[in-house]
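Undergrad: Predicted model and sequence follow; I will ask about them next.
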Amino acid sequence: MDTATFPVFKFRGHAHDLFIVNTPFHQCAACDRRTAVGYGVGYICNECDFSIHHICAFLFNIPEIFDHPSHDGHCLKLLTTGAPHHTDPNCHLCGKYTKSILYHCSDCKLNLDIDCISHHIFAASKDHLLVSWHHHPIQICYTDICEFCNGVNELGCHCLQCGFRIHLTCVPVFDSPEITHPSHVRLPLKLLTDGAPNYTDPRCHICGEDTQHLLYHCDICKFNLDLRCAAKSPPPIALSNLKVHEHTLTLMPRLISFVCDACGTEGDRSPYICVQCDFMIFHQKCAQLPRVIHVNHHDHRISYKYPLGPGEWRCGVCWEEIDWSYGAYPCSLCPNYAIHSLCATRKDVWDGKELDEVPEEVEDIEPFKRNDDNTITHFAHEHNLMSLGKDGEEGSYCGACARPISSYTFYKCSRSDCSFILHETCANLRKKKRHFLSPEQLVISQWKNYGNFPKWCDACLLVCSEGFVYGVMFDLVCSSIDVPFIHESHPHHLLYLKLQDGHFKTCQSCGIDHTKVVIGCLKCNYFLDFHCATLPLTVSLPRYDDHPLTLCYGEKASGKYWCDICERETNPETWFYTGLESGVTLHILCVLGDIRYAKPGGNICEGFELQLNSSSTRPICLNCKCRCPGTFFINFVGYGEDHDGYNVFFCSFYCLKHVIFRYSNDYHIMCPPWVKKLELKT
């Protein structure tokens, strides 16, 4: 845990500095509890294994106590190094182990733990109230922590002894100290506000969440129910008319270890069981699994089947083994393809549409219609395209991938006044496809940047000037990746990972942290972002090397490396391009730039045009003040107030972005308005 920026505190009885934190840490040295909701902030030591709650640290300010009701007339002194070796280390009142912090009477050799001392201190305070529904005195104060609603900061109750907090508006939720719940009809449940008893599992027997301080409990059955489950509609006692099972399922609200027949995962509480056959499911979600669905990892429909059936099955999403004795989603057309039940119904895999009894339509995914042996009609162009050979189009760029036509076969517009041209492979890209980047089916379209705001691929985050994209904005390179993804930099296959809020993964290639999507191997903690994962393994750059450049995956080096293009130092531990014959090392940015679909005349946005950097005098970038090193540079042509023209150059979108952020408070105010602020008239 990084505590470098947190305030430092010193406490009596501890030799090192303590840092304040408000995240979970190790067990408190005073009360032996872990930090949880309700305990608020605490303090930790970076030099030794010491941590303490803020509530427990309050006792450091009370070195001596004379009026404890169990030991009136004798002095109890605070000890922070444990009970003296000649005394019983357990508390003489409650019998618990006192740990390192306790109060001790040297005359009577008596030890009291923190819980017994704090109860006396807080109960004696005039600032606290005694209420019938909590065992300790509470304080009325504003709190942003509520163990019922997790709501905003408002007036509430706070127990300094055990950390229990709840809003005053939420207190009426447990007006009844005793309830009868449909999931536990045999005996009533009693309200507890100081946590689950030590002899029970502290989690709710229905939902499995930690009950914290507030719960309903049956001491005979050792049954716990949190207030959220008690307040909302109870789970149904029986489930019928299911698509995963033909019989009615009945709720068994007990702690019981089992494996869910519907999804194959282990459960430990409140299953739904079939009294007619040996069938048991984990929770209500598994009972509501759809029968027929479409997922983004496969082209065909998949249907639920229980049991899956004998065979060596591997999930098409997580690539882990599937136990064929449980339920899963196989494909009827692909005999070896199946997906785990929970993987198939993930929000980033399934679009949420149930297709049972929905007739399957034949989709038109062909990108063109063939008119005759030589001409086609392509969806992306209004004129017919002619099929041509491999010669005669040097200097032309494909309208789909924006790469040179080179020596590949191609289709060209039949009209002499139109220069539209496509690689044969690009012309065959289907109009619709299913891809793991989106739960919805992706439709191909032709993208052009003519607005005031640049657009970039939602996967690799590279700016696109024009060309074909799938869906809202996935470029052809990213949308062509299949999983499992095999990359030469790692011995294991890589899988697509959509990161949860607050989580990030660091790219092994560039060292940048990413918070949305990556491709990686969880077993090895190896991750790549989409930009680095899709870097070409070889690149031809004739003006720097007669042989293709090869992608190098970093190496340990004692000396310094220098980029032969920009003449700046390179970091050999990150990826770079190298010439095996010449030995040159080149930055990836210098070789490829940071713009996808870059071709002469392409537009980043209105007024910003890509130009080929082929003249003998390279332009100077406005941001970095260096001559533009790459194959393309960005040119902006503006006009001053007297309508005199001027040119502004950027070597990359990276430099253009820095100027935008420097001179504009709003990134959406792209151009030309922000250009007036630059005062760059030449």
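TA: Happy to help now that I have it. All values reported here derive from a predicted model rather than from experimental measurement.
Undergrad: what about the nearest residue to residue 341 once chain neighbours are set aside, which SS state?
TA: Nearest non-adjacent residue to residue 341, counting by C-beta to C-beta, 6 or more residues apart in numbering: residue 263, 4.0 Å away. No exception for glycine: its C-beta is placed from N, CA and C like everyone else's. Classification of residue 263 using DSSP: H, G, I helix; E, B strand; the rest coil returns coil.
Undergrad: Next, count neighbours for residue 263.
TA: 24 (other C-beta atoms under 10 Å).
Undergrad: so what's residue 105 up against?
TA: 71, 74-77 (C-beta atoms under 8 Å, 6 or more residues apart in numbering).
Undergrad: Just to be sure, residue 418 is in a helix?
TA: No. Under three-state DSSP, residue 418 sits outside any helix and is assigned coil.
Undergrad: Distance of it relative to residue 376?
TA: Residue 418 sits 15 Å away from residue 376, going by C-beta to C-beta, to the nearest Å.
Undergrad: With neighbour numbers in mind, choose between these two.
TA: residue 376 (19 against 13).
Undergrad: for the more buried one, what are its contacts?
TA: Residue 376 touches 368-370, 384-385, 387, 411, 427, counting by C-beta under 8 Å, 6+ apart.
Undergrad: What is the burial count for residue 369?
TA: 11.
Undergrad: Can you classify it by secondary structure?
TA: strand.
Undergrad: Per-residue confidence, the closest residue to residue 87 other than its chain neighbours, what does it come out as?
TA: In this structure, residue 87 finds its nearest non-sequential neighbour in residue 109, 4.7 Å apart by C-beta to C-beta, 6+ apart. On pLDDT, residue 109 comes in at 86.
Undergrad: Kindly report the same for the one 4 residues further on.
TA: Looking at residue 113, its pLDDT is 84.
Undergrad: Hmm, it is touching residue 95, no?
TA: No. Using C-beta atoms under 8 Å as the test, residue 113 is too far from residue 95 to be in contact (9.3 Å).
Undergrad: what about these two, which has more around it?
TA: Using other C-beta under 10 Å as the criterion, residue 113 and residue 95 rank with residue 113 on top: 25 against 9.
Undergrad: which residues touch the more buried one?
TA: Residue 113 sits next to 91, 93-94, 96-99, 102 when contact means C-beta under 8 Å, 6+ apart.
Undergrad: Which of these sits closest to residue 598?
TA: Nearest to residue 598 among the contacts of residue 113 is residue 99, at 64.8 Å by C-beta to C-beta.
Undergrad: What helix or strand is that closest one located in?
TA: Using DSSP states H and E, residue 99 is not contained in any helix or strand.
Undergrad: okay, now it: neighbour count?
TA: Counted with other C-beta under 10 Å, residue 99 comes out at 18.
Undergrad: Counting neighbours, which of the contacts of residue 376 comes out on top?
TA: Within these, neighbour counts (other C-beta under 10 Å) peak at residue 411, which reaches 26 neighbours.
Undergrad: where are the low-confidence patches of the stretch 101-250 of the chain?
TA: 118-133, 140, 150-152, 169, 172-176, 231-234 (pLDDT under 70).
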